[in-house]
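**Student:** need a structure here:
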Amino acid sequence: MTLKRRNARLLTLASGLLVFLWPLIASADIQLLQPIGGLTSIPTTGKPFDVFLSYINELLPWAEGVAAGIAVVWGLWGMTGVIMSGGDQSKRSASIKQVQAACLGLLLLLLVGVILHTINASFFKVG
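**Tutor:** Coordinates of the predicted model:
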């Protein structure tokens, strides 16, 4: 038996098993390896968009915290550049732009909840 024929038989077997096992797989909740907030599994029943929303609603506060931390560190690094620039105006202006970008990032991050709630009230739950 050639390698090509064996691979074709394995693919046929795997796809046949998937066809018969798909209702069992699709009806089960997706178990998370690490809990996100209070969520240990993602329900797969209901509309597909609801499954996505349940996952994002638990993940969004964590992602916002990480993004805020990165923006604060970026701003602190820019302030360090301003302090360390000495008399070099090009380094100072580049560092000031970095601090301004970090402040703009924090402002957009604060507004992300308002923007998402405006787009779709069920996308972002407050509280």
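
**Student:** Residue 94 and residue 57: what is the separation?
**Tutor:** Counting by CB to CB, to the nearest Å, the gap from residue 94 to residue 57 is 39 Å. Quick note: C-beta positions are derived from backbone N, CA and C, even for glycine.

**Student:** Then residue 80?
**Tutor:** 36 Å.

**Student:** Comparing those two, which shows the higher neighbour count?
**Tutor:** Per other CB atoms under 10 Å, whichever of residue 80 and residue 57 has more neighbours is residue 57, with 16 against 13.

**Student:** The more buried one in helix, strand or coil?
**Tutor:** helix (DSSP: H, G, I helix; E, B strand; the rest coil).

**Student:** how about residue 86, phi and psi?
**Tutor:** phi 70, psi -120 (degrees, to the nearest 10).

**Student:** quick one, strands of this structure?
**Tutor:** 30-36, 39-42 (DSSP state E).

**Student:** My guess is residue 102 contacts residue 71. True?
**Tutor:** Yes - if you go by CB atoms under 8 Å, residue 102 and residue 71 touch, sitting 5.0 Å apart.

**Student:** Output the below-cut-off pLDDT ranges for the chain.
**Tutor:** 1, 3, 17-28, 44-48, 120-127 (pLDDT under 70).

**Student:** please redo it, this time with the cut-off set to 50
**Tutor:** 127 (pLDDT under 50).

**Student:** those helices in it, which residues are they?
**Tutor:** Using DSSP state H, the helices of the chain run over residues 3-27, 48-84, 89-119.

**Student:** Can you get me a residue count around residue 107?
**Tutor:** If you count neighbours by other CB under 10 Å, residue 107 ends up with 10.

**Student:** swap that for residue 78, please
**Tutor:** By other CB under 10 Å, the burial measure for residue 78, its neighbour count, is 20.

**Student:** Relative to residue 112, how far out is the residue nearest the centre of the chain?
**Tutor:** In the chain, the residue lying closest to the centroid (CA atoms, centre = their mean) is residue 63, at 6.2 Å. Using CB to CB, residue 63 is found at 9 Å from residue 112.

**Student:** what do you get for residue 12?
**Tutor:** From residue 12 to residue 112 the distance is 47 Å (CB to CB).
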